[in-house]
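Trainee: Test case, fold it:
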Amino acid sequence: MRLPNGERFRSERDGMVFYLCFSIAWTIAIAMGAVAVKEVARTAWRLVKVASSLFAVMLPCFCVMASTNARRMRIGADAGEARKSSGAADPLGDAPRGRRRLCIVGAGASGLTATRHALRRGFDVTTFEKSDSVGGVWAYGHDACKVFNNVIQNVTKLTNVFADYPAKRAWPSYLGWRQTMDYLTGYAAAFSLNEHIELNAEIVRVERDEKSGEFEVTIAYRGESATMTHRIERFDYVWVASGQLTQAAMPEIRGLSTFTGDVMHSSEYKTPTLFAEKNVLVVGLGSASGSDIAQELSWVASSVSLSIRTERDVYSRGILGGVASMMNRVAWILPAWLGVLGYTYLDCYGWIHHLRKGVTDSGDLLSHFALNKIKRVDVIERVHGSTVYFTDGTCSVYDVIICATGYRRSFDFMAKNLQPNEKSGLFEDCILPSDPRVAYVLFVLPFGSHWQLAELQSMLLARVHDGTIPLPSRETMATLADSFNIVGTHEHLAEWWKHRYIFVLAPYIFPKLATLWRRPRLAMRILWSPWVAPFGEWASENDRDRTCYRDSWALANVTWSGHRLNRCMFFPW
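Mentor: Purely as a prediction, here's the structure:
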């Protein structure tokens with residue numbers, strides 16, 4: 001007799017004892033395994049029944065609490081309805097209801113969706129872009145670009161899109177600047193926005209003419225001779241969609257001016273090749289930029305150090321071990337009704353309402369720390385020559401300092417009385433209370449889809465300025481306006497703003513719930529649309545616009561050693 005590895009037993013007796021014990025052991029193991037599987041299945045079924053029962057019993061309470069919280073979220077809309085029903089003066093004043101001339105500043109992502117929705121509501125729109133290309137910060141190689149060559153979005157292509165224009169199926173889950181620019185230019189072409197966009201035209205001044213009530217907009221543009229000329233145009237409304245990434249915020253570090261190497265902001269960083277064999281210090285973790293730049297440089301630089309002042313929660317960019325994270329998968333299959341109910345209920349609790357530390361989409365930052373590819377250093381105390389001294393008493397010599405320290409919101413072209421400030425914020429985070437015909441699109445920093453939020457604000461503004469959605473009085477708007485900080489900070493999940501706009505817009509976009517019972521098919525489309533889809537697409541009549549969401553499970557599909565990893569039952573967070 002032989003062992004399973006092919007070697008002979010010393011005697012027949014040893015072989016018989018071995019295989020007897022082998023048979024007994026595996027018989028017991030199989031029997032115990034069957035019992036264990038049966039008990040696990042029975043326990044799991046019991047848990048499912050208990051959880052279902054609890055959910056069914058608690059669902060009415062969840063709905064009541066969510067409804068109460070929803071009324072708190074739409075307090076501004078209720079105040080507008082109350083003002084209109086009382087016959088109080090319209091805060092828009094003598095705004096024209098016929099030919100409404102609208103000036104939009106900026107043709108980045110937010111400017112493009114603002115242009116589209118304003119055109120849909122009948123506005124006479126002109127969008128001015130100071131660069132020679134649409135796309136804003138994503139226009140790599142152009143003046144307005146603020147991204148580096150290997151940048152990757154930190155939100156999936158299913159979420160960071162606009163209504164009625166899905167991203168291409170062939171693209172990866174997370175897009176780089178090339179696919180992003182293809183998407184934005186395609187969006188502009190699909191909805192004929194380019195004919196309303198004037199490139200190489202910079203807004204240098206916007207002032208209110210008190211006599212006529214119009215806005216005088218001074219535009220500087222390049223003529224055929226490449227010389228700058230100016231002209232003045234008049235508009236009835238002004239939407240500022242120039243974005244928050246306009247003015248780099250450099251840190252105040254003692255002795256930084258004496259540094260003998262190169263000092264730059266992360267917006268100036270494009271490729272890692274210029275930093276080969278250099279000692280680089282990256283200042284600031286950021287929501288993604290500082291982490292991404294440090295990781296990219298770690299492959300070419302002699303050394304990379306990362307100075308972090310504020311600890312943040314660090315997550316990988318949605319894919320771990322070749323599979324999409326559980327958080328992504330839940331979001332992809334979540335129906336709209338459950339997403340609205342779930343977040344509106346959870347928003348009652350402070351732990352989800354505010355983000356205390358912030359979140360960093362890190363790629364694989366912690367592994368780089370563990371392998372010492374990136375060295376973590378303390379906060380900078382001072383700089384002298386090429387030496388940087390840290391608050392823990394250590395010091396190191398560097399060739400380059402890259403500051404990933406964020407941006408300041410800059411809109412100096414707006415007259416002072418048309419700018420938000422710490423004392424006078426923005427109503428619904430986009431409307432200027434002192435002059436409601438002025439609006440700022442996407443001047444908030446959400447954790448989540450920036451583009452969907454910009455689209456929701458654009459949908460709101462278009463309906464406010466055409467008189468569909470009433471505004472409360474200017475005094476009420478000023479009271480309800482959130483404070484405005486000149487330095488943008490991540491304070492809320494994107495869902496916080498998203499829900500506020502959903503509850504305001506829903507009655508004006510979809511039929512009222514009281515009449516939906518007459519149209520069950522439309523009701524089911526609204527309720528069971530994918531949560532990650534843009535809000536304007538939840539009741540889309542064109543099923544073709546929604547096919548990409550049905551394929552969401554295949555977006556992060558990896559086959560390795562004959563196994564499809566995304567078929568596994570357990571997914572990492």
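Trainee: Now do the strand or helix carrying residue 30, average pLDDT.
Mentor: In the assignment (DSSP states H and E), residue 30 maps to helix 12-73. When the per-residue pLDDT values of helix 12-73 are averaged, the result is 87.
Trainee: go on, stretch 383-403?
Mentor: Model confidence over stretch 383-403 averages 94 on the pLDDT scale.
Trainee: That stretch: which residues count as buried?
Mentor: By neighbour count, and taking 16 or more other Cβ atoms under 10 Å as the criterion, the buried residues in stretch 383-403 are 383, 388-390, 398-403. C-betas here are computed from N, CA, C, even on glycine.
Trainee: Residue 310: what secondary structure?
Mentor: Classification of residue 310 into helix, strand or coil gives coil, according to DSSP: H, G, I helix; E, B strand; the rest coil.
Trainee: any idea how far it lies from residue 287?
Mentor: 11 Å (Cβ to Cβ, to the nearest Å).
Trainee: again with residue 473
Mentor: Using Cβ to Cβ, which is the criterion applied here, residue 473 is 37 Å from residue 287.
Trainee: Residue 418 against residue 438, yeah?
Mentor: Yes - contact status for residue 418 versus residue 438: in contact at 5.2 Å, counting by Cβ atoms under 8 Å.
Trainee: Neighbour count: those two, which is higher?
Mentor: With neighbours defined as other Cβ atoms under 10 Å, residue 418 and residue 438 compare such that residue 438 has more, 24 against 20.
Trainee: secondary structure element for residue 242?
Mentor: Residue 242 is part of no helix or strand, with elements assigned from DSSP H and E.
Trainee: so where do the helices sit in the stretch 301-450 of the chain?
Mentor: Counting by DSSP state H, counting those that start in this stretch, residue ranges of the helices within the stretch 301-450 of the chain are 326-333, 336-346, 350-353, 365-370, 450-465.
Trainee: Turn these into TSV, including distance to residue 74, mean pLDDT and mean neighbour count.
Mentor: TSV is the format used below for the helices of the stretch 301-450 of the chain (distance: least, Cβ to Cβ, whole Å; pLDDT from 0 to 100; neighbours: other Cβ atoms under 10 Å):
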stretch	distance to residue 74	mean pLDDT	mean neighbour count
helix 326-333	24	76	17
helix 336-346	11	88	19
helix 350-353	16	70	11
helix 365-370	39	86	16
helix 450-465	11	95	25
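Trainee: who wins for proximity to residue 517 among these?
Mentor: helix 336-346 (15.1 Å; Cβ to Cβ).
Trainee: any common contacting residues for residue 418 and residue 438?
Mentor: Common neighbours of residue 418 and residue 438 are listed as 238, 432 (criterion: Cβ atoms under 8 Å, 6 or more residues apart in numbering).
Trainee: Which parts of the chain belong to which domain?
Mentor: Using automatic domain parsing, the domain ranges for the chain come out as 12-54, 76-91+99-246+410-509, 251-407.
Trainee: which one of the ones you listed lies closest to residue 534?
Mentor: Go through these one by one with Cβ to Cβ and the one that ends up closest to residue 534 is domain 76-91+99-246+410-509, at 3.9 Å.
Trainee: I'd like the distance from the closest one to the chain centre, please.
Mentor: Between the mean C-alpha location of domain 76-91+99-246+410-509 and the chain-wide mean there is a distance of 15 Å, by Cα atoms, centre = their mean, to the nearest Å.
Trainee: Endpoint to endpoint, that domain covers what distance?
Mentor: Separation of the first and last residues of domain 76-91+99-246+410-509 by Cα to Cα, to the nearest Å is 18 Å.
Trainee: Could you do stretch 512-525 as well?
Mentor: Using Cα to Cα, the gap from the first to the last residue of stretch 512-525 comes to 14 Å.
Trainee: Return the helix or strand in this structure with minimum mean pLDDT.
Mentor: Within the chain, judged by mean pLDDT, DSSP states H and E, the helix or strand with the poorest mean is helix 547-550; its value is a mean of 56.
Trainee: looking at the helices of the stretch 301-450 of the chain, which is closest to residue 33?
Mentor: helix 326-333 (27.2 Å).
Trainee: would you put the C-alpha positions of that closest one in PDB?
Mentor: Coordinates of each C-alpha in helix 326-333 appear next as PDB, following Å, rounded to 0.1, in the frame of the first residue of the first chain:
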ATOM      1  CA  MET A 326     -19.400  46.500  -0.900                       C
ATOM      2  CA  MET A 327     -20.200  50.200  -0.600                       C
ATOM      3  CA  ASN A 328     -20.100  50.600  -4.400                       C
ATOM      4  CA  ARG A 329     -22.200  47.500  -5.000                       C
ATOM      5  CA  VAL A 330     -24.900  48.500  -2.600                       C
ATOM      6  CA  ALA A 331     -25.100  51.900  -4.200                       C
ATOM      7  CA  TRP A 332     -25.300  50.400  -7.700                       C
ATOM      8  CA  ILE A 333     -28.300  48.200  -6.900                       C
END
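Trainee: thinking again about what came up before, residue 515: which of the domains of the chain is closest?
Mentor: Smallest distance to residue 515 across those (Cβ to Cβ): 11.2 Å, for domain 76-91+99-246+410-509.
Trainee: thinking again about what came up before, format the buried residues of stretch 383-403 as a markdown table; extra columns: distance to residue 114.
Mentor: Conversion of the buried residues of stretch 383-403 to a markdown table gives the following (distance: Cβ to Cβ, whole Å):
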| residue | distance to residue 114 |
| --- | --- |
| 383 | 42 |
| 388 | 43 |
| 389 | 47 |
| 390 | 44 |
| 398 | 42 |
| 399 | 43 |
| 400 | 38 |
| 401 | 37 |
| 402 | 32 |
| 403 | 31 |
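Trainee: So which of those residues sit within strands?
Mentor: Cross-referencing the buried residues of stretch 383-403 against strands under DSSP state E gives 383, 388-390, 400-403.
Trainee: Do a quick rundown of the strands in the stretch 451-573 of the chain.
Mentor: Remark: strands assigned in the stretch 451-573 of the chain by DSSP state E, counting those that start in this stretch are 490-493, 559-560, 563-564.
Trainee: hey, least reliable of those strands by pLDDT?
Mentor: That would be strand 563-564, which, of all these, carries the lowest mean pLDDT at a mean of 62.
Trainee: Output the below-cut-off pLDDT ranges for this protein.
Mentor: 1-6, 223-226, 319-323, 353-358, 361, 363, 486-491, 513-514, 540-558, 561-573 (pLDDT under 70).
Trainee: Kindly format the C-alpha coordinates of stretch 296-303 as CSV.
Mentor: The C-alpha atoms that make up stretch 296-303 are tabulated as CSV, following Å, rounded to 0.1, in the frame of the first residue of the first chain:
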residue,chain,number,x,y,z
GLU,A,296,2.8,58.5,-8.1
LEU,A,297,6.1,60.2,-7.2
SER,A,298,7.2,57.2,-5.0
TRP,A,299,8.0,55.2,-8.2
VAL,A,300,10.5,57.8,-9.6
ALA,A,301,11.7,60.1,-6.9
SER,A,302,14.7,59.3,-4.6
SER,A,303,12.4,59.8,-1.6
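Trainee: Now do the buried residues in it.
Mentor: Within stretch 296-303, the residues that count as buried by 16+ other Cβ under 10 Å are 296-298, 300-301, 303.
Trainee: Please apply the same query to stretch 265-277.
Mentor: Under the neighbour-count criterion of 16+ other Cβ under 10 Å, stretch 265-277 has 265-267, 269, 272, 275 buried.
Trainee: List just the nearest of those to residue 33.
Mentor: The shortest gap between residue 33 and any of those belongs to residue 272, at 52.2 Å (Cβ to Cβ).
Trainee: measure the closest one to residue 406 for me?
Mentor: In this structure, residue 272 and residue 406 are 21 Å apart, going by Cβ to Cβ.
Trainee: what about the helices in the stretch 101-250 of the chain?
Mentor: Secondary structure of the stretch 101-250 of the chain, counting by DSSP H, counting those that start in this stretch: helices at 109-120, 177-190.
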